[in-house]
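Chemist: starting from these lines, generate the structure:
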Amino acid sequence: MLLIRVTAAIAGVPVCALMILTALGQAAPGPALMAAVAVTLSGLGLAFVWTSDLRALASLLHLAGTGEAVPKPLPISLGSEVLGEVQQISATLGEQSALVDRLLRVEESIVERLPDPLIVLSPDRTVRRTNAAARNAFGDDMPAVLRHPELRTAIDRAVAAGALAAPQLADLRVPVPFPREVQAMVVALDSPLAGGGGVLVVLSDRTRERAVERMRADFVANASHELRTPLASLIGFIETLRGPAADDPPAQSRFLEIMAEQAERMNRLIDDLLSLSRIEITEHQAPAEYVDLEGVVERIIASLEINIAKRGVTLEWTPAAGLPRVLGDTDQLEQVAQNLLDNALKYGRPGGTVKIGLAPAPLSGKYPARPGVVLSFCDDGPGIPRQHLPRLTERFYRVDNGRSRAVGGTGLGLAIVKHIINRHRGVLLIESEAGLGATFNVWLPVG
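Modeler: Numbers count the residues shown, from 1 in each chain. The predicted structure follows:
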C-alpha cells in the first residue's frame with residue numbers, strides 16, 4: 001500500500017499540472033484528460049510491478065534464510081545483480097546453518113559420550129538433559145539424587161556465584177539405586193546450552209577409590225599390628241635372656257623355641273606380603289602359557305604329604321580324564337593349590353577327609369557360560385558362618401583370630417588366591433555353612 005501511495009503522489013504532479021493548464025486554457029481538455037489517465041495508469045502499473053517484485057524478493061529471502069535453494073531464473077524483474085546478492089545471502093546463511101547444525105551435533109555427542117554422569121539443569125532446577133552415563137547410573141532415581149541436601153546446596157552456591165566462579169564441589173553418599181560415594185561438581189554457564197539449561201552437574205563415582213584408600217590404610221595398620229606382636233615378643237624374650245634367664249638353661253631353651261616360632265611367623269608374613277605385592281603388579285597381564293592343572297595339583301599334594309600324615313587326613317583326589325590345558329602361570333597356580341589345600345588341612349577336622357576335584361565346568365548356573373574347568377577343595381571342618389563369606393578374601397580378615405594364628409595363618413592366603421585368580425580371568429566361589437565344612441571352587445577359562 002505504501003508503494004501505491006508513493007506512486008499516486010508522484011503521478012499526481014503531472015496530472016495536477018495538466019488540470020491547471022486546462023483551466024488556464026493552455027491545453028485542450030480532451031488531450032489533457034487522456035494524458036492524465038495515461039499517467040495515472042502508468043503509475044499504477046509501475047506500483048503493481050514493484051509490489052510484485054518486493055513480494056517475490058521477500059519470498060526469496062525467506063527461502064535463503066531457511067537454507068533452501070534459490071530458484072533460477074529469478075522470478076522478478078530487478079535484474080541479475082539482485083539475483084547474485086540473493087544467492088550470496090543464501091549461500092552464507094546456508095553455511096552458517098550447516099555450521100550451527102554441526103556444532104549442535106558435536107555438543108550432543110560430547111555430552112552423550114562423557115564417561116561421568118552429566119545432568120543439565122535450568123535455573124529453576126528443572127532437568128533439561130541427561131547423558132547416557134547418568135541414565136545408566138541412576139535411571140529413575142535421578143530425582144532422589146538431585147534432592148540430596150549437599151547437592152542442592154552446591155547448586156545454589158553455583159547459581160549465586162555465577163559463571164566466572166570456580167566449580168562447586170560436594171561429596172555425597174547416594175543410597176540409590178545402591179549405596180555409593182559420589183563427588184558432585186556443579187558449574188553455572190554464562191549462556192545456556194542448546195535445548196536450554198544453564199547449570200551443569202557432573203557426578204563422579206568415587207566408591208571404588210574411597211574403598212581402595214580405606215583398604216590401603218587398613219592394610220598398613222593390620223600389617224603393622226601383625227609385625228608388632230611377634231617383634232614385641234622377641235624383644236621381651238631377648239631382655240629376659242639377658243637378665244633373669246641368663247643362667248637358666250631350661251628357660252633359655254623354652255624362650256628360644258618361642259622366639260623361633262615368632263621369627264618364623266614374621267618370615268611367613270613378609271613372604272606373603274612380598275608375594276601379594278608381586279601378584280598385584282602383574283594382575284592386569286593375562287598369562288600366555290598353557291598349564292596342566294592335574295600335574296600342578298599332584299605336585300602340591302606330594303609337597304604336603306608330611307602335613308597330610310601329621311593331621312591324619314584322608315585325601316580323595318579325583319581328576320577328570322582328558323581335561324584341556326588352561327592358560328596360566330604355573331608358579332601362581334601352584335600357589336593357589338597350595339594355599340587352598342593347606343587351608344583345608346588346617347581348618348578341616350583332624351583325621352577327617354579332604355576332597356580335591358578337577359572337572360569340566362557346567363555351562364550354566366553359578367559359573368560363567370563359557371568353557372572352563374573347576375578345581376575344588378572340600379573339607380569336613382566346622383565350616384564358615386554365612387555372614388563371613390563375602391569378606392574372606394580381604395587382607396588380614398579372619399573368622400577366628402585365635403585359631404588362625406594358632407595354625408600359622410597370616411590372614412593373606414585367600415587374598416593372594418583371589419588376586420591370582422583375577423589375573424587368570426577366573427572366578428573363586430566359596431560355599432560353606434556352619435558345621436558343614438567348606439568348599440573352595442576355582443573356575444578357570446579354557447583357551
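Chemist: for His424, grab the count of nearby residues.
Modeler: 23 (other C-beta atoms under 10 Å). C-betas here are computed from N, CA, C, even on glycine.
Chemist: contact partners for it?
Modeler: Contacts here follow C-beta atoms under 8 Å, 6 or more residues apart in numbering; on that basis His424 touches Ala286, Pro287, Val326, Leu327, Gly328, Asp329, Gln332, Leu333, Leu444, Pro445.
Chemist: residues touching the residue lying closest to the last one once chain neighbours are set aside, list them.
Modeler: The spatial neighbour of Pro445 that comes closest, neighbours along the chain excluded (C-beta to C-beta, 6 or more residues apart in numbering), is Gly372 at 4.8 Å. By C-beta under 8 Å, 6+ apart, Gly372 lies in contact with Val326, Pro360, Ala361, Gly426, Trp443, Leu444, Pro445, Val446.
Chemist: filter the contacts of His424 down to the buried ones.
Modeler: Among the contacts of His424, the ones that count as buried by 16 or more other C-beta atoms under 10 Å are Pro287, Val326, Leu327, Gly328, Asp329, Gln332, Leu333, Leu444, Pro445.
Chemist: next one: phi and psi at the spatially closest residue to Leu358 that is not a sequence neighbour?
Modeler: Leaving out its chain neighbours, the residue that sits closest to Leu358 by C-beta to C-beta, 6+ apart is Pro319, at 4.2 Å. Dihedral angles of Pro319 (phi, psi; degrees, to the nearest 10) stand at phi -80, psi 140.
Chemist: show me what contacts Pro319?
Modeler: Glu294, Val297, Gly357, Leu358, Ala359.
Chemist: which of those residues fall in strands?
Modeler: Judged by DSSP state E, strands contain the following of the contacts of Pro319: Gly357, Leu358, Ala359.
Chemist: would you convert the residues you listed into CSV that also reports pLDDT and distance to Arg216?
Modeler: Below are these laid out as CSV (pLDDT from 0 to 100; distance: C-beta to C-beta, whole Å):
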residue, pLDDT, distance to Arg216
Gly357, 95, 36
Leu358, 95, 36
Ala359, 94, 38
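Chemist: closest to Glu280 out of those residues?
Modeler: Leu358 (27.0 Å; C-beta to C-beta).
Chemist: helices of this protein, residue ranges please.
Modeler: Here the chain has its helices, by DSSP state H, at 2-23, 29-65, 80-113, 132-138, 142-146, 149-161, 207-242, 249-281, 293-303, 305-311, 330-347, 401-406, 413-423.
Chemist: Val186: which of these is closest?
Modeler: Between Val186 and the helices of the chain, the tightest spacing by C-beta to C-beta is seen for helix 149-161, at 4.2 Å.
Chemist: what is the closest one packed up against?
Modeler: strand 168-174, strand 180-188, strand 199-205 (3 or more C-beta pairs under 8 Å, 6 or more residues apart in numbering; DSSP states H and E).
Chemist: for it, output the C-alpha coordinates as PDB.
Modeler: Extracted in PDB, the C-alpha atoms of helix 149-161 (Å, rounded to 0.1, in the frame of the first residue of the first chain):
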ATOM      1  CA  PRO A 149      20.800 -31.700  50.600                       C
ATOM      2  CA  GLU A 150      24.500 -31.400  49.900                       C
ATOM      3  CA  LEU A 151      23.900 -31.400  46.100                       C
ATOM      4  CA  ARG A 152      21.100 -28.800  46.400                       C
ATOM      5  CA  THR A 153      23.400 -26.600  48.400                       C
ATOM      6  CA  ALA A 154      26.200 -26.900  45.900                       C
ATOM      7  CA  ILE A 155      23.700 -26.000  43.000                       C
ATOM      8  CA  ASP A 156      22.500 -22.900  45.000                       C
ATOM      9  CA  ARG A 157      26.100 -21.800  45.500                       C
ATOM     10  CA  ALA A 158      27.000 -22.200  41.900                       C
ATOM     11  CA  VAL A 159      24.000 -20.200  40.700                       C
ATOM     12  CA  ALA A 160      24.600 -17.500  43.200                       C
ATOM     13  CA  ALA A 161      28.400 -17.300  42.300                       C
END
